[in-house]
Each structure stands twice: as structure tokens, then as C-alpha cells.
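Q: I would like to see how this sequence folds:
(one chain, ligands or ions: 1)
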Amino acid sequence: MSGPSDHPSEVKTIEWRDGVVLMIDQRKLPLVEEYVTCTTWEDVAEAIRTMVIRGAPAIGVAAAMGMALAARAARALPRDGFERALQDATKGLFSTRPTAVNLGWALAEMERIWRDPGPAPEKTAETMESRALQIYEDDVASCRAIGAHGAELITVEEPVILTHCNAGALATAGYGTALGVVRSVFARRPGLRVFVDETRPFLQGARLTAWEMLHEGIPADLITDSMAGHFMSKGMVTHVVVGADRIAANGDAANKIGTYTVSVLAKEHGVPFYVAAPLSTVDFAIPDGSHIPIEERDEAEVTHFGGSRVAPEGVRVRNPAFDVTPARNITAIITDRGVVRPPFEAGLRRLAAGSRSEGSDPCVQ
Ligand code: MRU
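A: Reported below is the predicted structural model:
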């Protein structure tokens with residue numbers, strides 16, 4: 001992994017260019033817009049682990065591109081060596097971050113291709129590259145569909161949406177999930193305002209969501225996480241929209257630490273709480289959120305602020321990166337195939353099976 005490289009003409013989260021992967025370095029935003037260049041799958045794994053790229057869908061796209069790099073590097077090997085190399089890359093990429101289901105999903109998509117013994121490795125490598133690019137394109141399309149479905153739910157003239165973390169263009173191949181809804185609502189209702197939780201400890205809200213909102217001219221107020229209840233109690237928040245890293249079959253949803261707290265506050269104040277995510281974020285293999293692995297990250301994220309220590313040396317620290325919002329706190333899940341309301345399992349399974357719900361609005365269950 002090296003950086004900075006030449007600057008693409010427009011800000012892109014991730015891009016496949018002539019057999020290398022470019023990523024905007026999200027650790028440095030918003031102060032510096034710098035790109036890193038990944039030439040090997042190990043570079044991509046390092047970029048995911050160190051949060052150069054983050055956000056569940058973007059991690060999935062990066063992993064797919066990482067596998068395409070691995071296949072390219074190994075394409076001259078005989079089949080058994082080729083498969084061994086791809087197995088190593090799969091393991092290495094899978095071990096980077098445990099919570100986002102999109103990572104395993106993308107690796108499984110690529111594995112289906114490289115396990116096929118028919119084509120020669122050279123041909124398989126080409127197919128994997130095309131599939132990685134397709135996953136990228138599909139993700140942008142999913143986000144736009146999520147945005148359109150979400151906008152149909154938010155019909156007040158001057159909505160005020162509170163969001164947590166960054167589920168925006170930077171967390172996806174483009175447009176965003178929760179922020180896809182925000183973008184889509186803003187296009188229809190210019191009176192929209194957004195409350196952006198800063199999202200301790202990694203500050204995805206303060207650094208990334210605030211940056212995206214400013215870039216697009218969407219009116220937004222940055223608040224610290226502990227202010228959300230204050231504004232809800234004053235009736236100043238009309239909707240909460242957040243993303244998800246993994247949704248269990250029953251609708252329990254893992255997202256950035258602090259999301260659960262926001263859901264409890266929303267319930268207390270009667271504010272609709274929406275989770276926006278592509279259907280590929282639903283893990284039907286797990287019945288509920290207690291099975292979702294929660295990543296614990298470096299304690300320095302908690303003890304330090306902007307690189308400076310703020311807590312005493314030697315203090316014990318906990319740093320779970322995600323929490324689980326129970327399905328009972330979620331008003332609806334906005335997917336790329338439509339909106340699902342409780343009880344979630346039947347609706348999610350119906351969407352996954354390809355059928356949409358019935359009624360006057362084909363997208364809303
Ligand atoms: O640790 P991060 O920054 O990868 O966490 C990201 C989130 O929690 C997002 O809300 C989630 O991945 C959805 S992104 C569309």
C-alpha cells in the first residue's frame with residue numbers, strides 16, 4: 001500500500017484502475033484528501049484493517065477487488081497453486097474485520113468463481129475482475145434504490161433526520177445507504193435538515209458525514225453523541241436513519257457503537273427509527289443479534305483524541321466498535337428491494353425470495 005497517488009478527478013471511495021485499487025484515505029479526511037494505491041490483496045487487507053476504507057458495503061467492494069488482485073498475481077500458476085494463493089487471500093481478507101457481513105458475502109461471491117475447475121486460471125482471473133466491478137456497480141445501484149424507497153417514507157415538508165456514524169458515499173461504492181435516503185429526501189424536500197452525531201470514538205460523523213453534507217450543500221448540524229436526547233426531547237428530530245453492518249433474520253441490526261442508545265432515545269420520544277441497508281446485509285444464517293460478532297478495537301481510539309492522550313496512562317479501556325439495536329426498536333428496514341416493517345423475518349425473507357409486498361405502494365410492506 002502506498003500513497004498518495006495521483007488524484008482522481010472526482011472524489012471516489014474506491015476505484016479499480018488498470019489492475020490497481022485506489023482508495024481515498026478515510027483516516028485523513030476531512031483535513032487531507034489523499035489516495036492510497038493497493039497493488040496486492042495484502043495492501044487491501046491492511047487498508048480495511050486500518051480503516052483507510054470502512055463501512056460495510058465499501059469493505060465488501062474492497063474485498064472483492066482484493067481477490068481480483070490476488071487472482072491477477074497468481075494467474076500464471078498451475079491450478080493447485082492458484083487455488084492455494086486464493087485460499088490464503090480469502091483467509092487474510094476475511095480476518096480483517098468481523099462484524100460487517102458484506103465482507104464474507106463478497107468473498108463467497110468470488111470463491112464461487114475461483115473454485116470452478118473448468119476455466120484456466122488466466123480466464124478465472126478475468127472473470128473475477130469483472131465480478132468485482134459488477135459488485136461495485138451493483139452497490140451504487142442498491143444505494144440509489146434504498147434512497148428512493150426511503151424518500152417515500154419521509155413525507156413531512158421539513159424533515160429533520162438524525163444519523164449516526166457515516167453510512168454515506170464513503171461507506172459504500174457511492175451515494176450511501178442512510179445518507180442515500182438523506183440525499184434522496186433532500187432532492188424532493190429542500191427544507192430537510194440533518195443532525196450529525198459525531199460518533200465517538202472514531203468520529204465518522206464529525207469527519208466523514210459532516211464532510212459529505214457540506215460537499216452536497218445539505219444543511220446539517222454536527223452534535224456530540226450525548227446531545228441527541230436533548231434535541232429529541234425538544235421535538236427537534238422527526239426521523240432517525242442509520243446504516244447497518246449486519247442484520248439478523250429477526251431484524252436485530254448491528255451498527256456503529258452508540259446506535260442502540262439512539263434507538264432507545266427515539267423510542268422514548270416517539271421518533272421513527274429506520275435502518276437503511278441492502279438486502280445483502282441481512283444474515284439469514286443467524287436467528288437474532290446475539291450471534292453477531294462484535295469487533296473490539298484498539299484502546300488508543302478511546303484514550304486519545306486527535307492523536308493526543310486524554311485519559312490517564314494505565315486506565316482500563318473497552319472499545320466495542322458496534323452494538324446491536326433490537327428489532328423492537330426499529331420502525332422499518334429500508335432495503336434496496338423495498339421497505340420491511342415488523343415482524344421483520346417474514347418480510348425480509350419474502351424480499352430475498354424475490355417477491356415484493358402487495359398494496360398500493362409496491363415498495364412498502
Ligand atoms: O467502523 P465503521 O466505520 O466501518 O462502521 C461503519 C458503520 O457502522 C456504518 O453505519 C455501516 O457500516 C453501514 S455503512 C453503509
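Q: isn't Y274 right up against V241?
A: Yes: between Y274 and V241 there is a contact at 4.8 Å, judged by C-beta atoms under 8 Å. Heads up, the C-betas are built off the backbone N, CA and C, glycines and all.
Q: joint contacts of these two?
A: Common neighbours of Y274 and V241 (criterion: C-beta atoms under 8 Å, 6 or more residues apart in numbering): 150, 181, 334.
Q: which one of Y274 and V241 has more residues nearby?
A: Neighbours per residue, other C-beta atoms under 10 Å: of Y274 and V241, the larger number sits with V241, 28 against 22.
Q: State the pLDDT value of that one.
A: We have a pLDDT of 98 for V241.
Q: Give the other helices and strands that whichever helix or strand it is part of contacts.
A: In this assignment (DSSP states H and E), V241 forms part of strand 239-242. With contacts taken as 3 or more C-beta pairs under 8 Å, 6 or more residues apart in numbering; DSSP states H and E, strand 239-242 sits against strand 160-163, helix 178-188, helix 259-269, strand 273-276.
Q: C-terminal to it, what's the next element?
A: Next along the chain after strand 239-242, taking DSSP H and E as the criterion, comes strand 246-248.
Q: neighbouring contacts of that following strand?
A: Residues from elsewhere that reach strand 246-248 (C-beta under 8 Å, 6+ apart): 56, 99-101, 253-254, 275, 277, 281-283, 286-289, 291-292, 333, 348.
Q: which of those count as buried?
A: For the contacts of strand 246-248, a burial check counting by 16 or more other C-beta atoms under 10 Å picks out 56, 99-101, 253-254, 275, 277, 281-283, 286, 289, 292, 333, 348.
Q: where do the helices sit along this structure?
A: Counting by DSSP state H, one finds helices in the chain at the ranges 41-49, 56-74, 79-94, 101-114, 121-153, 178-188, 204, 210-216, 228-233, 259-269, 300-303, 344-352.
Q: For A249, find the nearest of those.
A: Evaluated over the helices of the chain, closeness to A249 peaks at helix 344-352, with 5.2 Å, by C-beta to C-beta.
Q: who's the nearest residue to L279 once chain neighbours are set aside bridged to?
A: Spatial nearest neighbour of L279, chain neighbours left out: T335 (4.7 Å); criterion: C-beta to C-beta, 6 or more residues apart in numbering. With DSSP bridges as the criterion, T335 is bridged to G338.
Q: T335 contacts A277, doesn't it?
A: Yes: here T335 lies in contact with A277, judged by C-beta under 8 Å, at a distance of 6.5 Å.
Q: Please enumerate the shared neighbours of those two.
A: I146.
Q: Not counting sequence-adjacent ones, nearest residue to whichever residue of the chain sits closest to the ligand?
A: As assessed by C-beta to the nearest ligand atom, the ligand sits closest to G243 within the chain, at 2.8 Å. Excluding the flanking residues, the one nearest G243 by C-beta to C-beta, 6+ apart is A167, at 2.7 Å.
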